[in-house]
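[1] no FASTA, just this:
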């Protein structure tokens with residue numbers, strides 16, 4: 001996610017890699033906090049609105065820049081929720 005936001009990887013490469021890694025994570029039964037799950041869901045929904053193959057892209061599909069913006073928002077959301085989760089855990093102890 002950070003690589004896409006930093007423009008170090010293009011949209012199609014990010015989409016392929018992210019979907020593969022997310023599938024692997026889910027198959028392994030990885031458990032995540034609610035905030036991080038919501039952020040990853042946001043990326044998944046963005047990828048549903050994005051065509052990996054630019055030749056098949058419709059006018060209502062996300063552009064690479066729109067995908068980058070949505071992923072940046074999800075990344076910010078995940079960092080915020082992770083910080084909040086850590087604070088909550090610390091206050092419980």
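    All right, it came through fine. All values derive from a computational prediction rather than experimental measurement.
[2] Sketch out the low-pLDDT regions of the protein for me.
    Low-confidence segments of the chain, defined by pLDDT under 70: 82-93.
[3] Run through the helices of it in chain order.
    2-5, 11-27, 34-48, 64-92 (DSSP state H).
[4] I'd like to know which of those lies nearest to residue 56.
    Within these, the stretch nearest residue 56 is helix 11-27; the backing value is 11.0 Å (C-beta to C-beta). Yep, even glycine has a C-beta here, placed from its N, CA and C like the rest.
[5] Counting neighbours, show which residues of that closest one come out buried.
    Using 16 or more other C-beta atoms under 10 Å as the burial criterion, the residues of helix 11-27 that qualify are 11, 14, 15, 18, 22.
[6] Mind putting these into JSON lines with distance to residue 56?
    Supplementary listing: the buried residues of helix 11-27 in JSON lines, determined by distance: C-beta to C-beta, whole Å:
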{"residue": "11", "distance to residue 56": "13"}
{"residue": "14", "distance to residue 56": "17"}
{"residue": "15", "distance to residue 56": "13"}
{"residue": "18", "distance to residue 56": "18"}
{"residue": "22", "distance to residue 56": "22"}
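[7] out of those, who's nearest residue 60?
    Distances from the buried residues of helix 11-27 to residue 60 were compared by C-beta to C-beta; the smallest belongs to residue 11, at 15.9 Å.
[8] The closest residue in space to the closest one that isn't next to it in sequence: how many residues sit nearby?
    With sequence-adjacent residues excluded and distances taken as C-beta to C-beta, 6 or more residues apart in numbering, residue 11 is closest to residue 64, at 3.9 Å. By other C-beta atoms under 10 Å, the residues close to residue 64 number 17.
[9] Would you agree residue 64 is in contact with residue 13?
    No - distance between residue 64 and residue 13: 10.6 Å, which falls outside the contact criterion (C-beta atoms under 8 Å).
[10] how far away is the residue nearest to residue 11 from residue 23?
    If you measure residue 64 against residue 23 using C-beta to C-beta, to the nearest Å, the figure is 22 Å.
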